[in-house]
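[1] Make a model of this:
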Amino acid sequence: MSARAWIAALLVALAPATSIAAETIAIVAQDATALRAGPRESAPQQAQLWPGDALEVRGERLDWLQVYDHRRERAGFVRAAQVKRVVLDKAEAPQLLAVLRFLRDTQGAEALAIAYAAAYLRAAPADAIDAEPFDALGSLADRLARRASARQGKTGEAALAAQLEVVAAYGVVMNGIERDGHLQLCYEGDAWRRVLAMPATPEQRARAALGLTRHDCIDAAMHPQERERLDEARAELLERIETTGLPPLVKNRVQMRRAGVWAGIAYARQRQGGQAGAAAQRALDALAAVDRHELIDSDEATYADAAVRTAASRWAADAGTAPNAAKLGVLTTPGRPGETCVALVDAKHGAAEPLLRRCTWGIVWAGSASVSPAGNALALAVQPLPSWRELWVFRRAGTGWVVDVLPAATGTPELGVIEFAGWVPGGTHLLAARDAKIDGRFRRSFELVRIDTLVTEKRADRPESLAAFRRWQDPRWTQRTVALR
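    Numbering: from 1, shown residues only. Okay, here's the model as predicted:
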């Protein structure tokens with residue numbers, strides 16, 4: 001297909017679904033604009049129009065325009081002051097692009113800006129169109145989807161619903177994903193794929209890659225093999241983005257997204273029995289490349305998200321084995337298909353007759369095993385989900401052994417990691433670090449936990465605020481954790 005034919009097909013896809021043949025159109029600029037049966041306020045209302053609606057101009061009477069709404073298939077009159085007349089001619093294309101640039105960063109004007117983007121693509125010569133309008137279109141559609149997914153009042157919900165209907169007429173597709181009874185809207189991404197398919201600046205390409213690789217736009221119910229293929233494609237796309245020369249803000253966002261994606265790949269590869277170390281190390285390297293001094297307030301949560309995802313799979317990058325423990329140890333053996341069984345052993349109790357045996361569908365990071373100096377407990381990291389890691393605590397109870405699970409947080413698993421951070425002399429307490437997303441907010445804590453009950457006795461936001469953490473941090477944890485970021 002020639003470049004001109006490709007651009008022509010592109011314009012058809014992005015034009016309103018019922019193509020407007022006239023050279024002059026009217027773009028609605030005000031909320032709840034009335035389409036009336038006659039050129040007066042007392043005339044019956046035919047429809048209610050919203051910013052971004054495009055109308056064919058058929059005439060003018062005093063301060064009213066006679067128009068036809070192709071989307072609703074209705075004719076009528078609108079106040080001239082409530083719309084902006086646009087001439088779809090190449091001479092007007094630069095002015096349309098200038099308006100698009102002005103509206104691009106205006107919160108709440110996404111549908112209106114998308115209308116100007118479509119008008120520009122209709123008016124501009126095919127050989128003059130570059131990646132800029134598609135970059136703007138992708139950013140606007142993504143922002144509208146985020147706004148529509150957030151909680152709104154009844155008035156705001158009505159306006160957003162109207163805007164979504166308006167942009168749908170321009171070929172902007174939104175996909176819905178259900179999460180915990182809430183609908184998450186995500187832009188389908190056609191404009192961003194076009195940015196990547198044509199000459200574009202590094203910043204435009206980076207924005208497109210970020211828009212196409214969002215974590216929250218992946219269906220949690222996706223089959224694991226499909227998810228693995230998707231993550232591999234996301235990683236490949238992100239790796240094609242050259243970060244040298246990018247603004248620090250955008251570069252940080254690319255690195256944070258890389259960290260989260262590669263951490264998920266490490267989990268998937270480990271589950272399949274493959275080599276996960278390189279992927280986990282790539283996630284750690286990407287997280288380390290983030291310049292914390294160049295993060296804006298709104299990116300702090302994004303960084304916390306990337307850190308938790310990376311921490312969940314970080315043991316895959318540890319090529320070493322667990323410290324030699326003469327008193328206790330763990331052995332892993334296959335259980336049912338996809339299952340791993342953990343046997344607690346010592347010098348007198350081997351794999352045939354272990355002290356305790358428990359199976360899990362999660363990934364058991366045997367190299368994370370740590371034995372208390374008193375020999376009465378063992379801590380082990382187990383990862384049941386790509387972004388969720390738990391702590392198994394084997395402990396002596398009377399003459400036998402039991403194992404309990406310390407979750408990263410209570411409630412529905414979303415994002416969370418709990419790490420063993422050290423043993424307190426005396427055999428009564430252990431140190432733990434939690435990092436989890438709870439009710440949409442990230443919370444990090446450093447805790448002193450009783451071994452016999454697994455109850456948290458003391459908690460602090462920083463490790464230096466707990467005397468036990470200052471004195472008894474495990475060197476392996478201090479060296480490898482990302483909780484001390």
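[2] So the nearest residue to residue 455 once chain neighbours are set aside, which state does it fall into?
    In space, and not counting its chain neighbours, residue 455 is closest to residue 449: 7.0 Å by Cβ to Cβ, 6 or more residues apart in numbering. Backbone N, C-alpha and C define where each C-beta goes, glycine included. Here residue 449 is strand, with the state taken from DSSP: H, G, I helix; E, B strand; the rest coil.
[3] Now do residue 449, the pLDDT please.
    The score at residue 449 is 95. That number is its pLDDT.
[4] Would you check that it makes contact with residue 456?
    Yes: using Cβ atoms under 8 Å, residue 449 makes contact with residue 456 at a distance of 5.3 Å.
[5] thinking again about what came up before, contacting residues around the residue nearest to residue 455?
    406, 429, 430, 431, 432, 455, 456, 457 (Cβ atoms under 8 Å, 6 or more residues apart in numbering).
[6] what's the spacing between the closest residue in space to residue 50 that isn't next to it in sequence and residue 169?
    Leaving aside its sequence neighbours, residue 50 sits nearest to residue 162 (Cβ to Cβ, 6+ apart; 4.1 Å). Distance, residue 162 to residue 169, by Cβ to Cβ, to the nearest Å: 11 Å.
[7] where exactly do the helices run in the stretch 251-400 of the chain?
    Using DSSP state H, counting those that start in this stretch, the helices of the stretch 251-400 of the chain run over residues 277-288, 300-312.
[8] which one of the ones you listed lies closest to residue 126?
    Distance to residue 126, taken as Cβ to Cβ, is lowest for helix 300-312 among the helices of the stretch 251-400 of the chain, at 37.2 Å.
[9] What angle do helix 277-288 and that closest one make with each other?
    150 degrees (axes from the mean of the first three to the mean of the last three Cα atoms, to 10 degrees).
[10] on that earlier part again, more neighbours: residue 162 and residue 169, which one.
    residue 169 (21 against 18; other Cβ atoms under 10 Å).
[11] Model confidence for the more buried one, exactly?
    At residue 169, pLDDT is 91.
[12] The one 10 residues further on now?
    Among the per-residue scores, residue 179 holds a pLDDT of 75.
[13] What of residue 146?
    pLDDT for residue 146: 92.
[14] Against residue 185, how distant is it?
    Taking Cβ to Cβ as the measure, residue 146 and residue 185 are separated by 8 Å.
[15] Neighbour count: the two, which is higher?
    In this view residue 146 and residue 185 are compared by other Cβ under 10 Å, and residue 185 has more residues nearby, 20 against 16.
[16] So in that sheet, which strands flank the strand or helix carrying the more buried one, and in what orientation?
    Here residue 185 is covered by strand 182-187, with elements defined by DSSP states H and E. Using DSSP bridges, strand 182-187 pairs in its sheet with strand 174-179 (antiparallel).
[17] Point out where the stretch 201-350 of the chain drops to low pLDDT.
    Counting by pLDDT under 70, the low-confidence segments of the stretch 201-350 of the chain come to 319-326.
[18] a strand runs through residue 72, doesn't it?
    No: under three-state DSSP, residue 72 sits outside any strand and is assigned coil.
[19] Check the contact between it and residue 48; I expect there is one.
    No: applying Cβ under 8 Å as the test, residue 72 and residue 48 come out as separate, 9.9 Å apart.
[20] what do these two both touch?
    residue 35.
[21] Have a look at the two and say which one is more surrounded.
    Neighbours per residue (other Cβ under 10 Å) separate residue 72 from residue 48, with residue 72 holding more: 17 against 14.
[22] what residues are up against the more buried one?
    Counting by Cβ under 8 Å, 6+ apart, residue 72 touches 35, 47.
[23] try the one 4 residues further on
    Residues near residue 76 by Cβ under 8 Å, 6+ apart: 35, 36, 37, 46, 47, 66, 67, 68, 69.
[24] Now it: which helix or strand?
    strand 74-79.
[25] Tell me the buried residues in that strand?
    For strand 74-79, the neighbour count (16 or more other Cβ atoms under 10 Å) marks 76, 77, 78 as buried.
[26] CSV please, covering these and showing distance to residue 219.
    Converted to CSV, those look like this (distance: Cβ to Cβ, whole Å):
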residue, distance to residue 219
76, 42
77, 45
78, 41
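[27] Tabulate the residues you listed (a markdown table), appending distance to residue 277 and pLDDT.
    What follows is the buried residues of strand 74-79, written out as a markdown table (distance: Cβ to Cβ, whole Å; pLDDT from 0 to 100):
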| residue | distance to residue 277 | pLDDT |
| --- | --- | --- |
| 76 | 66 | 94 |
| 77 | 69 | 95 |
| 78 | 64 | 94 |
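[28] Return the residue of this protein that is most distant from the centre.
    residue 62 (51.0 Å; Cα atoms, centre = their mean).
[29] ok, that residue to residue 39 distance?
    7 Å.
[30] Also residue 196?
    From residue 196 over to residue 39 (counting by Cβ to Cβ), the distance is 48 Å.
[31] Kindly report the same for residue 429.
    Applying Cβ to Cβ to residue 429 and residue 39 gives a distance of 81 Å.
[32] swap in residue 105?
    Where residue 39 is concerned, residue 105 sits at a distance of 36 Å (Cβ to Cβ).
[33] Looking at the two, which has the bigger crowd around it?
    Legend: neighbour count by other Cβ under 10 Å for residue 105 and residue 39, higher for residue 39 (18 against 12).
[34] What about the closest residue to the more buried one other than its chain neighbours, how many residues nearby?
    Closest residue to residue 39 apart from its sequence neighbours, by Cβ to Cβ, 6+ apart: residue 64 at 3.7 Å. Residues near residue 64, counting by other Cβ under 10 Å, number 21.
[35] Which of the contacts of residue 76 fall within strands?
    Under the assignment DSSP state E, the contacts of residue 76 contribute 35, 36, 46, 47, 66, 67, 68, 69 to strands.
[36] Run through the bridge partners of the last one.
    Applying DSSP bridges to residue 69 yields these beta-bridge partners: residue 74.
[37] and it, what does it touch?
    So residue 69 contacts 35, 47, 49, 53, 55, 56, 75, 76 (Cβ under 8 Å, 6+ apart).
[38] Skip the chain neighbours and tell me the closest residue to the second one.
    Closest residue to residue 47 in three dimensions, ignoring its sequence neighbours and counting by Cβ to Cβ, 6+ apart: residue 35, at 4.4 Å.
[39] Would you map the strands across the stretch 201-350 of the chain?
    Counting by DSSP state E, counting those that start in this stretch, one finds strands in the stretch 201-350 of the chain at the ranges 329-334, 340-345.
[40] between those, which gets nearest to residue 249?
    Set against residue 249 and scored by Cβ to Cβ, those come closest in strand 340-345, at 41.7 Å.
[41] what's the spacing between that closest one and its chain's center?
    Taking Cα atoms, centre = their mean, to the nearest Å, one finds the center of strand 340-345 at 35 Å from the center of the full chain.
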